[in-house]
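Chemist: What follows is a predicted protein model with its sequence.
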Amino acid sequence: MLKVTNTLTGKKETFEPLTSGHIQMYVCGPTVYDDIHIGNARSAVNFDTIRKYLIYSGFSVKYVMNITDIDDKIIKKAIDEKKDFHEIADTYTQAYLEVMKKLGVQPPDVQPKATDSIPEMIELITGLVDSGHAYVSGGDVLYDSKSFKTYGKLSGKNLEELIEGIRVEKNDTKKNPTDFVLWKTAKPGEPSWDSPWGKGRPGWHIECSAMVRKHLGDSIDIHGGGVDLIFPHHENEIAQCEAFTQKPYVKYWLHNGFIEISGQKMSKSLGNIWKTKDALADFRPEVLRYFFLSAHYRSGLNYDRPILESADRGWKDFHQTFKMADDKIEGPDGVEQMDLLELRLGIDDLEEKFKEAMDDDFNTPKALAVLFDFARLIRQVTSQRERPTPGAKDLLGEAIERLKIFGGILGIVQKEKPVIPTKIDEWSKEREDLKKTNNYEAADQKRNQIIASGYLLADSKMGTSAIFPYEQIRFKQDEDKYLNYGWVIPSGLPNQNSYLFTENGIQNIDEMKINLDTNASTWLKDKGFLD
RNA sequence: GGCGGCAUACCCAAGUGGUUAAGGGAGCGGUCUGCAAAACCGCGAUUCGGCGGUUCAAAUCCGCCUGCCGCCUCCA
């Protein structure tokens, strides 16, 4: 039985959709005025995972996530860069979609743009004006927050106290300080649309309300977003929609916590924004997802390079399970009996344990622990010396399939297997032969040759060599210059050492890791690799 | 000032009344190994910010204190 923490009630509740078996779900998407930061990415991954789990649980889910393509910040940027606001919005929409794709976020069923829903917004605003919930003042249309009796119910705020706390601005046209803009009169040169109140553009809160109604209906099951949206954004959405429709707007409000940098929120004013595309340049998307999901979605999550690196190492170990099992399955058959009881039991328990974790308000850290335990069971079998019988191979294959299913819901399983060039394969076999004749010097040379080509060998107990591709690592020289000068084993592969490949040969250097974030060129010069 | 959240080992992080306090990283010891790496096995909080209280029983409930953070203004 699925339970979710509902911001509206502040409690963990049993989840029952309005229509049995079907879920209407809306999540506030990005405002496309810049590259998205990792906080946006975390939110997207959290709700993507929630959506995938709901589908796995047997619900049919209609998932809508908007793109806010008209907004003060977009207009400001357009003016600053002397471009049309559409151009700014399009550029960052494309960048956003690209990052989502890399992160393995399944595209929403509908991804509406605010500017495509202007008529629906006008319809809503008109209704609110007609029913006395909104008024025209100074050319703007404002929502009368005092007209909505339960204003503040989501954020737990008291309207009177709110009003007292807000200092009254001069020339304010609002009846109450808590009133908010539904429709803004256009200033000269700003993008605008025709409306009953003259040329103008929508306020921020109205767009989500309009898109929810347009694509999902008056009452929906789940509405998600970051904690910062609780007030005023979601509070205002409730006020608008419920005043208009006289129906409950959202049954379950889900809010994810912030990414923190050194214990503080990430914000423009603090200047501590991490762009997702920069994180993706250094870490695999699966590692980023593992990192995001390693804390509960409602909690804050501290982001720091060393923490990401430890997530990276953890994920590699986990992911190596697939490679190890594949090698065992594809290897020769054996006749000896392997110890498989634990694995059999593990397979039988996996689904129940995973569901138990996820049913508890999408407890992904617990779910990850379940998968890591299971992966260890698989590795225990694959690390046994015996060759597997065909029956043991079947069981291993079954275990891997299960791990892929549940790992897939969390999005931490790499989709495609790395391809090894035949040349590298041949060199590996040649090295095997050299080893067999105790020609170790030549064998090591062959190994270096393979490493220099960007691949690593790993000998197993069965005497065969597994081969893994490296990825080039980028040593930060300064803020935006990178120096390509070595290789490190990519995520998913079993070796964390860095190797430096130069004309002087291949160096296995642990210090390289320590120096990743320091001035690498100085270090390379000290070691004589650079002039 | 109002509202809300957090404090668990060296680091990240689950656990919210009752078996040995998950999992990951780092560390240490061992097995394996031509070397190296990987893998596997084992070890690691008598204790959950502090002080009281409730209870047969609390990291988990209540009170107070301390520290940190978020929202109340754009923000995932």
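Modeler: That came in fine, so what should we check first?
Chemist: Would you double-check that A:Ala357 falls in a strand?
Modeler: No: looking at A:Ala357 with DSSP: H, G, I helix; E, B strand; the rest coil, it is helix, so not inside a strand.
Chemist: give the contact list for it.
Modeler: Counting by Cβ atoms under 8 Å, 6 or more residues apart in numbering, A:Ala357 touches A:363-364, A:366-367, A:369-370. In this view, the C-beta of every residue, glycine as well, is placed from N, C-alpha and C.
Chemist: 7 Å - rerun?
Modeler: A:363, A:366-367, A:370 (Cβ atoms under 7 Å, 6 or more residues apart in numbering).
Chemist: Turn these into TSV, columns for pLDDT and neighbour count.
Modeler: Below are these laid out as TSV (pLDDT from 0 to 100; neighbours: other Cβ atoms under 10 Å):
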residue	pLDDT	neighbour count
A:Asn363	96	18
A:Lys366	96	15
A:Ala367	97	25
A:Val370	96	21
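Chemist: farthest pair in these?
Modeler: A:Asn363 and A:Val370 (9.8 Å; Cβ to Cβ).
Chemist: Outline the domain layout of chain A.
Modeler: Using automatic domain parsing, the domain ranges for chain A come out as A:21-261+A:273-282, A:303-410, A:422-526.
Chemist: What's the end-to-end length of the first one?
Modeler: Read it as domain A:21-261+A:273-282. 40 Å (Cα to Cα, to the nearest Å).
Chemist: and it with RNA strand B, contact?
Modeler: Yes: Domain A:21-261+A:273-282 reaches RNA strand B (Cβ under 7 Å from any atom of the strand) through A:28, A:30-31, A:37, A:39-40, A:42-43, A:72-73, A:155-158, A:161-162, A:165-166, A:180, A:204, A:225-233, A:256-260.
Chemist: So which of those belong to strands?
Modeler: Mapping these onto strands (DSSP state E) picks out A:180, A:225-226, A:256, A:259-260.
Chemist: mind listing the strands in the stretch 301-450 of chain A by residue range?
Modeler: A:301-303 (DSSP state E, counting those that start in this stretch).
Chemist: now, of the domains of chain A, which is deepest in the fold?
Modeler: domain A:21-261+A:273-282 (a mean of 19; mean count of other Cβ atoms under 10 Å).
Chemist: and the gap between the spatially most distant residue from the centre of chain A and A:Lys446?
Modeler: Within chain A, the residue lying farthest from the chain centre (Cα atoms, centre = their mean) is A:Thr437, at 50.4 Å. Taking Cβ to Cβ, to the nearest Å as the measure, A:Thr437 falls 13 Å from A:Lys446.
Chemist: Kindly report the same for A:Tyr290.
Modeler: A:Tyr290 is 35 Å from A:Lys446, by Cβ to Cβ.
Chemist: A:Tyr297 contacts A:Asn363, doesn't it?
Modeler: No: at 9.1 Å, A:Tyr297 and A:Asn363 do not qualify as touching, with contact defined as Cβ atoms under 7 Å.
Chemist: Could you give the bridge partners of A:Asp459?
Modeler: A:Ser465 (DSSP bridges).
Chemist: mind showing which ranges of the stretch 301-450 of chain A have poor pLDDT?
Modeler: A:418 (pLDDT under 70).
Chemist: What residues does whichever residue of the stretch 151-300 of chain A sits closest to RNA strand B make contact with?
Modeler: The minimum distance from the stretch 151-300 of chain A to RNA strand B, using Cβ to the nearest atom of the strand, falls at A:Gly226 (2.0 Å). For A:Gly226, the contact set (Cβ under 7 Å, 6+ apart) comprises A:43, A:255-256, A:258.
Chemist: from these, which is closest to A:Pro421?
Modeler: A:Ser43 (39.4 Å).
Chemist: What score does A:Glu479 have for pLDDT?
Modeler: With respect to pLDDT, A:Glu479 scores 34.
Chemist: what's the spacing between the longest helix along chain A and its chain's center?
Modeler: What stands out as the longest helix in chain A, according to DSSP state H, is helix A:305-330. Distance, stretch centre to chain centre, for helix A:305-330: 19 Å (Cα atoms, centre = their mean, to the nearest Å).
Chemist: Please report the distance of the residue in the stretch 251-400 of chain A that RNA strand B sits nearest to from A:Ala443.
Modeler: Relative to RNA strand B, the nearest point of the stretch 251-400 of chain A is A:Gly314 (2.2 Å; Cβ to the nearest atom of the strand). According to Cβ to Cβ, A:Gly314 stands 32 Å off from A:Ala443.
Chemist: quick one: average confidence on stretch A:81-97?
Modeler: pLDDT averaged over stretch A:81-97 gives 95.
Chemist: Dump the C-alpha coordinates for it into CSV.
Modeler: What follows is stretch A:81-97, C-alpha atoms only, in CSV (Å, rounded to 0.1, in the frame of the first residue of the first chain):
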residue,chain,number,x,y,z
GLU,A,81,21.1,40.5,-25.3
LYS,A,82,19.0,42.5,-27.8
LYS,A,83,17.1,39.4,-28.9
ASP,A,84,13.5,38.4,-29.2
PHE,A,85,12.2,36.7,-26.1
HIS,A,86,11.2,33.7,-28.2
GLU,A,87,14.8,33.2,-29.1
ILE,A,88,15.9,33.2,-25.5
ALA,A,89,13.2,30.8,-24.5
ASP,A,90,13.8,28.4,-27.5
THR,A,91,17.6,28.3,-26.8
TYR,A,92,17.2,27.3,-23.2
THR,A,93,14.2,25.0,-23.9
GLN,A,94,16.5,23.0,-26.2
ALA,A,95,19.3,23.0,-23.7
TYR,A,96,16.8,21.8,-21.0
LEU,A,97,15.4,19.0,-23.2
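Chemist: what pLDDT, on average, does stretch A:197-207 get?
Modeler: 94.
Chemist: who are the neighbours in contact with A:Ile38?
Modeler: A:259, A:274, A:276, A:279, A:303.
Chemist: wouldn't the second one be in contact with A:Asp304 here?
Modeler: No: contact criterion Cβ under 7 Å: A:Trp274 and A:Asp304 do not qualify, at 10.0 Å.
Chemist: now the contacts of A:Ala357 as CSV including distance to RNA strand B?
Modeler: Converted to CSV, the contacts of A:Ala357 look like this (distance: Cβ to the nearest atom of the strand, whole Å):
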residue, distance to RNA strand B
A:Asn363, 5
A:Lys366, 4
A:Ala367, 8
A:Val370, 8
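Chemist: Among the residues you listed, which one lies nearest to A:Asp394?
Modeler: The closest of those, once distances to A:Asp394 are taken by Cβ to Cβ, is A:Val370, at 22.8 Å.
Chemist: part of a strand, is A:Lys251?
Modeler: Yes: under three-state DSSP, A:Lys251 falls within a strand.
Chemist: Could you dump the contacts of A:Ile38 into a markdown table with distance to A:Ala392 added?
Modeler: What follows is the contacts of A:Ile38, written out as a markdown table (distance: Cβ to Cβ, whole Å):
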| residue | distance to A:Ala392 |
| --- | --- |
| A:Ile259 | 43 |
| A:Trp274 | 45 |
| A:Thr276 | 42 |
| A:Ala279 | 40 |
| A:Tyr303 | 42 |
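Chemist: hey, where'd the helices end up in the stretch 101-250 of chain A?
Modeler: Taking DSSP state H, counting those that start in this stretch to define them, one finds helices in the stretch 101-250 of chain A at A:118-130, A:159-165, A:204-215, A:235-245.
Chemist: where does A:Trp253 sit relative to A:Ser137, distance-wise?
Modeler: Taking Cβ to Cβ, one finds A:Trp253 at 30 Å from A:Ser137.
Chemist: my bad, A:Lys446
Modeler: Distance, A:Lys446 to A:Ser137, using Cβ to Cβ: 80 Å.
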